[in-house]
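A.B. asks: Got a sequence here, can you build the structure:
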Amino acid sequence: MNIPSLIEQQRAYFNTKETRPISFRIAQLKKLKEKIEKHEDEILTALQSDLHKSEFESYTTEIAFLYAEISMMVKELEGWMKPEKVKTPVSHIGSKSYIYKEPYGVSLVIAPWNYPFQLALAPVLGAIAAGNTVILKPSELTPHVSSLLREIINETFEQSYFTVVEGAVEVSQELLEQKFDIIFFTGSVPVGKIVMEKAAKQLTPVVLELGGKSPVIVDETAKLDLAAKRIAWGKFINAGQTCIAPDYLYVHRDVKPELLSKLKDAIQELYGSKALDNEEYTHIVNQKHFDRLFPYLENGELLYGGSTNRDQLVMEPTILDHITWDDPVMQEEIFGPILPVLTFDSLDEVVEKVRSKEKPLALYYFTEDEQRENTILEQIPFGGGCVNDTILHVANPHLPFGGVGPSGTGSYHGKASFDAFSHRKSIVHQTTKFDFSFRYPGSKFGLSIIKRLLK
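C.D. replies: Below is the predicted model:
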């Protein structure tokens, strides 16, 4: 495929203004939803082939999420598109001020492998709703999903509007050398830096959804039964291959033994005593990532799990105790089913230590103390998160989702997705019925009037 030619083809189509009307945008969103519904079984099969995902996990985390987003966009899009009237200062008497929302143009969406269907199409929904054309680059690490995405999209849309370009790293590199109007990337921090560097050469706006070491903090007031179950669910769903999974557990010394005991029980309740044999348990994406994770099992003390099957690319839900901040497992995002445990004695210690690290994409805090909750939320910077739960904030389309600093830039989901792919154009509509002479040079009292108006 000739990538420069494809981009020019999309730019020419965008310039016809065909993508601008609300009727067109809604029709494309509905068309995409119909195609997903039509291919549901094939999507589930592809996810099973690439990641050994269960039907339950695939539907709830990959397909249902998209249905909810599309339904919301179809319902709300007309209101989002309307020019937004804003206040006008007294110095602008006679004028009206508006913010118009216009599409950027040709957009590039680069998708990751961990939720290869949902994280490919969720940003695309925002691009479509905002009136852009789209080139989607799915991950080569999930080839069945990538191929199916190409089949579904290319049979549904003209390539001048929305198309899928498959390939490995060299294809991504070629795409990033081109001139796009906006780039949306989901993936690792190192690759995110490359995307931003390439985009900077073209002065292209970017949205980066990255990651980081997201803590889950449990204090001595927490309801431990619920904390254990919700932490186990959030950590080990998708075998821990989730950008907002709890990366490590930071627990108060007084409740640590009880919480860890309950956490073991929760894991067994979710995945059984032999998770390696559980057909509902997701596998590691490939041998490279398996081999990256395996040495972490030697860190600290193995408290639970640790069994693996490299041939099947499966690793048990694992808890590591007596971990220090200097251990290898604490140096980078784990992105796998390994939960290291750290201990604290005071909340001040938690705030100081977490703040000393890179800003995480997510943070989870289990407590029954509102004052402590406020302390954590106000004093630790992070992308988003939950109090007394994990993961769920990502599933609320009314909440913008994104990181801060090293964990990402920009946000999406729901209206935030529309905003991410829209330029907000500021307009002052001035009256022609009268004119004020004081605004022009040479006015006798102009400067004194302006000083009074602008104070």
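A.B. asks: Residue 223 and residue 366 touch, don't they?
C.D. replies: Yes - with contact defined as C-beta atoms under 8 Å, residue 223 counts as touching residue 366 (7.5 Å). Every C-beta, even on glycine, is put in place using the N, C-alpha and C of the backbone.
A.B. asks: Need the overlap of contacts for those two.
C.D. replies: Counting by C-beta atoms under 8 Å, 6 or more residues apart in numbering, the contacts common to residue 223 and residue 366 are residue 388.
A.B. asks: residues of the worst-scoring helix or strand of the chain on mean pLDDT that come out buried?
C.D. replies: Using mean pLDDT, DSSP states H and E, the weakest-scoring helix or strand in the chain turns out to be helix 446-453, at a mean of 73. Applying a neighbour-count criterion of 16 or more other C-beta atoms under 10 Å, one finds residue 449 buried in helix 446-453.
A.B. asks: So which residues make contact with it?
C.D. replies: So helix 446-453 is contacted by 89, 90, 91, 437, 438, 439, 440, 443 (C-beta under 8 Å, 6+ apart).
A.B. asks: got it, and stretch 385-400?
C.D. replies: Contacts of stretch 385-400 (C-beta under 8 Å, 6+ apart): 65, 68-69, 72, 214, 216, 222-223, 226-227, 230-231, 233-235, 237, 242, 244-246, 362-367, 373, 377, 384, 401, 411-416.
A.B. asks: Of these, which belong to strands?
C.D. replies: Among these, the members found in strands (DSSP state E) are 216, 362, 363, 364, 365, 366, 384.
A.B. asks: List the residues that contact the second one.
C.D. replies: For residue 362, the residues meeting the contact criterion (C-beta under 8 Å, 6+ apart) are 214, 244, 246, 382, 383, 384, 385, 393.
A.B. asks: Looking at the residues you listed, spot the one nearest residue 207.
C.D. replies: residue 383 (12.7 Å; C-beta to C-beta).
A.B. asks: pLDDT wise, what is the spatially closest residue to the closest one that is not a sequence neighbour at?
C.D. replies: Spatial nearest neighbour of residue 383, excluding adjacent residues (C-beta to C-beta, 6 or more residues apart in numbering): residue 403 at 4.0 Å. Per-residue pLDDT puts residue 403 at 96.
A.B. asks: for residue 186, same thing?
C.D. replies: For residue 186, the model assigns a pLDDT of 97.
A.B. asks: Just the buried ones from the contacts of stretch 385-400, in PyMOL syntax?
C.D. replies: This is the PyMOL syntax for the buried subset of the contacts of stretch 385-400, where burial follows 16+ other C-beta under 10 Å:
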select buried, resi 65+69+72+214+216+222+227+230+231+233+234+235+237+242+244+245+246+362+363+364+365+366+367+373+384+401+411+412+413+414+415+416
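A.B. asks: And for residue 300, the neighbour number?
C.D. replies: 19 (other C-beta atoms under 10 Å).
A.B. asks: who touches it in this structure?
C.D. replies: Contacts of residue 300 by C-beta under 8 Å, 6+ apart are 320, 321, 322, 323, 324, 327, 329, 340, 341.
A.B. asks: Kindly report the same for residue 429.
C.D. replies: 95, 96, 97, 98 are the contacts of residue 429 under C-beta under 8 Å, 6+ apart.
A.B. asks: Let's have the ones in strands among the contacts of stretch 385-400 in TSV, adding distance to residue 107 and pLDDT.
C.D. replies: Shown next, in TSV, are the ones in strands among the contacts of stretch 385-400 (distance: C-beta to C-beta, whole Å; pLDDT from 0 to 100):
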residue	distance to residue 107	pLDDT
216	34	98
362	26	98
363	30	98
364	32	98
365	36	98
366	39	98
384	23	97
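A.B. asks: Extract the CA atoms of stretch 308-322 and return them as CSV.
C.D. replies: Taking Å, rounded to 0.1, in the frame of the first residue of the first chain, the C-alpha atoms of stretch 308-322 are listed here in CSV:
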residue,chain,number,x,y,z
THR,A,308,4.0,-20.8,34.6
ASN,A,309,3.8,-22.7,31.2
ARG,A,310,5.9,-21.0,28.6
ASP,A,311,4.7,-23.2,25.8
GLN,A,312,1.1,-22.1,26.5
LEU,A,313,2.2,-18.5,27.4
VAL,A,314,0.3,-18.6,30.7
MET,A,315,1.4,-17.4,34.1
GLU,A,316,-0.5,-17.8,37.4
PRO,A,317,-1.8,-14.8,39.3
THR,A,318,1.1,-14.1,41.5
ILE,A,319,1.7,-12.1,44.7
LEU,A,320,5.3,-11.1,45.8
ASP,A,321,5.9,-10.0,49.3
HIS,A,322,8.9,-8.3,51.0
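A.B. asks: Quick one: mean pLDDT for it?
C.D. replies: The pLDDT scores in stretch 308-322 average 97.
A.B. asks: how about that stretch: buried residues?
C.D. replies: Here stretch 308-322 shows 308, 313, 314, 315, 316, 317, 318, 319, 320, 321 as buried, counting by 16+ other C-beta under 10 Å.
A.B. asks: Cross the residues you listed against strands and list the overlap.
C.D. replies: Using DSSP E, those in strands are 308, 314, 315, 318, 319, 320, 321.
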